[in-house]
Structures are given as structure tokens and as C-alpha cells.
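Q: Below: sequence and its predicted model.
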Amino acid sequence: MWAELLPVGRSSASGGYRRYAWTGADTDCRAWFREQAEARGLAHETDRNGNQWAWLGDPAAGNAVVTGSHLDSVPDGGAFDGPLGVVSAFAALDELRGRGARVTRPLGIVNFGDEEGARFGLACVGSRLTAGALTAEQAHRLTDGDGITLPQAMETAGYDPDTLGPDPERLARIGAFVELHVEQGRALDLSGDRIGIASAIWPHGRWRFDFRGEANHAGTTRLADRHDPMLPYAETVLAARREAELAGAVATFGKIGVEPNGVNAIPSLVRGWLDSRAADQASLDTVVTGIEKAAREYAAARGVDLDVVRESFTPVVEFDHALRDELARILGTRTELKVPVLGTGAGHDAGILSDRIPTAMLFVRNPTGVSHSPAEYAAEDDCVAGVNALADVLEGLACT
């Protein structure tokens, strides 16, 4: 399975993945998912929000156990973030069948659409729509860098955008959702453990900073006469690092847009996107407030206007304690591995769904801690340990 999926959407230039929502690479990933489902005799369906489901048993019976993740990527992302959870879900089902386990609850595998938000700028679109955390009206206003709206992209890919919206009936059928994911950090590597259980997701959000100055000639405009928005933007990037360090948090300006974007032109607009995350809400508020305050001071000093817009936000997510404890109990009795409980600064579909259904997460060790990069990696024996741990969990939850 891994070998079949590996080339899909891979850039020959960077070695990273460009599996953006509703593109050709996304179509190929969806076809792969359907093939895996049908090869195992599972019922396959695509829901009203573009998420794919594969079912063993009748989901209408309720109290289903679901696992899976996503197949899309960030720009030039790694091979493991998302796909490891989907591949491991199918492999865990194979392991259950190999054990002769008798599944007594409906068992589902899901591929959530547009988890990374690489194309339309909002993470977890598929799960947000399903949970009602994103309205159909809001989704219809999403556009990519070329001005193509989400509905247009869906139509081009052969899907109906008029069906977008909350899906409470589907969620009501699910008794537990367990997402396996490569760890996006080095906690397991530092502790020497292969598998971990998630305790919580840090609160996090994305803010757009628009610095508006005055376009002019780079060769003839005196420094004293310039209203260059690149300067306060650069100063704000450094301020973000300082504020994050002081609060024990993280803050990153990782995306930028410049107009007119000419080598010999002073910009009229520099637009930067801030991603910030912290262990608690108070720390996150302190960081973002400090960054915005510094940005406004820098902009005023350079004669530049500034607008700050919060584009997305997810509060702290405490995973369902009962389900989390049940995972720990199951793994404690079925594996010789130590399975620590740890928090994460990364957002996931499991976090979005946690307000609606019991959710939990398993992490697989990442020896470098690198993620959202072609260098992202997990050793094969750790991945196999993840499959076995997921199979143990599914057997404990869904089998007799």
C-alpha cells in the first residue's frame, strides 16, 4: 500500500508532496482509497463534504468505531503526515482479520478532505463542515491563490458543492474516532518510546497581517521618502520569535505575499500569515497580542498602514478522557511497549470532531521531529508497531 501511494503528488524538484484539495493529485489519492476499500470488500462512500468512508458492517447500526486521517499535504510536505494514519487503518483491519477477530460494532476508515488547508487557507475543511464548525456559506467564500472558489474546484473535480454543510446524522452513528498520526515533534524519540497517546492539542490559530505602503522605484526613491511595508513586516517576524520565546510558545510567519513583487520596485503591500500555538489560551493570547502591538508600532514608524485579520482559530482540545484512558488500558494489557501520554501543538481532524464525538489519537515515533517537510520520516519497525497498536485498540473497542 505504501509503495503504491508514495509517488502520488510527489514533486521531482523538491521531493516533497503537493497533494492539494480537489486537484489531480487529490483525485489520484481518492482513487487509491476507494481501491483499498473495495479490495477488502468494504462499502465505500463519499459524503456531502467530500470526505471518503470505507465501512465494515452497517454504519446505520450506530456506535461505530472509526479510524483514519487524511491524504492531502502542505506545499512540499512529507510522506507520513496524514497518509500514515490512512495506510495504517487499512493495515490494522488486515491484522484484525489475520487474528480472526470478530468485529461486533460497525468499523469505519475515513479520509478527511482538505485537512492541511494548503489550497484554500483553512485547515480541516472536511471535518469542520461535518461538525458544523464551518458553514456552507463560509465554505463557498473560500478561494485559492488563483481566485478559484472552493465550489468551482469541487465542480471541476466532479463533486457537487451544493451539498456542503453539517452532517449530524453521520456523526451520531460514531461511538469513537481514533486517529493515528506520525508525531510532529521529538517527545517519543527523546523518551525512547515507539507509540504515544495524545492528551490534548494546544490552542492555535492563523492571523493575516497586511502591511500597506507605497509602491515606488527602487533605484530613484530616497530612503527617507519611502513607505516600505517590507521593513515593518521583517521587524514583526523577529518580534514574533521574541514573544514566542518569552512565553514558551511557538510563532511562525511561513507564508508571504508581496505586491507588485518586482525586483526593482518598493512594495505597496506585504501580506504575511502568522501561525501561533501555545500550551494554554492565556499564553497564546499574550504572544499574539505582543506581536500585533509590535507590528503596529513598527508600521507607524515607517508610515505604513496595518490590518490584522484572524483567519482561523482552534481552542485547546482535551481528548475524551474516558476514551483516552481506555486506549491506555488496552495497550497496557496487549503490548510490551511503554505508551506515554503527551500533548501536541499540531491540529488534527480528531481535534475538530472532539466537540461532537469521543475522539483519541495515537502517535508514531518521528526520530528527527521534522514534519511538513520532505525530510519527515518514521522507521518501518515503528510504523509496524503503530499498526499493531491500532489493531489492538480496534480489537479492544470493536470486537469480542
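A: Right, received. Where do you want to start?
Q: Could you point out which residue ranges in the stretch 301-400 of the chain have low pLDDT?
A: In the predicted model, the stretch 301-400 of the chain carries pLDDT under 70 at residues 335.
Q: Please repeat the previous calculation with a cut-off of 90.
A: 312-315, 317, 333-338, 342-347, 400 (pLDDT under 90).
Q: same deal with the chain?
A: Checking the chain against pLDDT under 90 turns up 121, 200-201, 312-315, 317, 333-338, 342-347, 400.
Q: quick one: furthest residue from the center of it?
A: residue 220 (45.4 Å; CA atoms, centre = their mean).
Q: Residue 264 versus that one, what's the distance?
A: Remark: distance between residue 220 and residue 264 (CB to CB, to the nearest Å) = 10 Å. Quick note: C-beta positions are derived from backbone N, CA and C, even for glycine.
Q: same deal with residue 41?
A: On the measure of CB to CB, residue 41 and residue 264 end up 63 Å apart.
Q: now residue 62
A: Residue 62 sits 65 Å away from residue 264, going by CB to CB.
Q: swap in residue 367?
A: Residue 367 sits 45 Å away from residue 264, going by CB to CB.
Q: Pick out whichever of these two has more residues nearby.
A: Just comparing residue 367 and residue 264: by other CB atoms under 10 Å the higher neighbour count belongs to residue 367, 13 against 8.
Q: In the stretch 201-350 of the chain, mark out all the helices, start to finish.
A: 230-247, 281-301, 321-334, 349-353 (DSSP state H, counting those that start in this stretch).
Q: Packing partners of the last one?
A: Packed against helix 349-353, as judged by 3 or more CB pairs under 8 Å, 6 or more residues apart in numbering; DSSP states H and E, are the following elements: helix 125-131, strand 174-182, strand 359-364.
Q: Check the second one too.
A: Helices and strands touching helix 281-301, by 3+ CB pairs under 8 Å, 6+ apart, are strand 204-212, helix 230-247, strand 250-259, strand 269-277, strand 305-314.
Q: relative to strand 250-259, how tilted is that helix?
A: 30 degrees (axes from the mean of the first three to the mean of the last three CA atoms, to 10 degrees).
Q: Can you pull the phi and psi angles for the nearest residue to residue 37 once chain neighbours are set aside?
A: Leaving out its chain neighbours, the residue that sits closest to residue 37 by CB to CB, 6 or more residues apart in numbering is residue 54, at 3.5 Å. For residue 54, the backbone dihedrals (degrees, to the nearest 10) come out as phi -130, psi 130.
Q: Check the spacing between residue 54 and residue 82 real quick.
A: Using CB to CB, residue 54 is found at 16 Å from residue 82.
Q: between the two, which one's more packed in?
A: Remark: of residue 54 and residue 82, residue 82 carries more neighbours, 29 against 26, as counted by other CB under 10 Å.
Q: Could you pull up the residues touching the more buried one?
A: Contacts for residue 82 (CB atoms under 8 Å, 6 or more residues apart in numbering) come out as 69, 70, 71, 72, 73, 115, 116, 181.
Q: Check the contact between the last one and residue 360; I expect there is one.
A: Meaning residue 181. No. Contact criterion CB atoms under 8 Å: residue 181 and residue 360 do not qualify, at 11.2 Å.
Q: hey, what's in contact with both of those two?
A: By CB under 8 Å, 6+ apart, residue 181 and residue 360 have no common neighbours.
Q: Which secondary structure state does residue 198 sit in?
A: At residue 198 the chain is in strand, as set by DSSP: H, G, I helix; E, B strand; the rest coil.
Q: For it, give its distance to residue 142.
A: Relative to residue 142, and taking CB to CB, residue 198 is found at 28 Å.
Q: Looking at the two, which is more packed in?
A: residue 198 (26 against 20).
Q: neighbours of the spatially closest residue to that one that is not a sequence neighbour, just the number please.
A: Take residue 198 and drop its neighbours on the chain: the residue closest to it by CB to CB, 6+ apart is residue 361, 3.6 Å away. Applying other CB under 10 Å, we find 30 residues neighbouring residue 361.
Q: same thing with residue 303?
A: Neighbour tally, residue 303, other CB under 10 Å: 14.
Q: Leaving out sequence neighbours, find the closest residue to it.
A: That would be residue 227: by CB to CB, 6+ apart, it lies 4.3 Å from residue 303.
Q: roughly how far apart are the one you found and residue 216?
A: In this view, residue 227 and residue 216 are 8 Å apart by CB to CB.
Q: The two: which has the busier surroundings?
A: A direct count of neighbours by other CB under 10 Å for residue 227 and residue 216 places residue 227 higher, at 20 against 17.
Q: where does residue 105 fall, phi/psi-wise?
A: With angles defined as degrees, to the nearest 10, residue 105 sits at phi -120, psi 150.
Q: show me what contacts it?
A: 57, 61, 63, 64, 65, 175, 397, 398.
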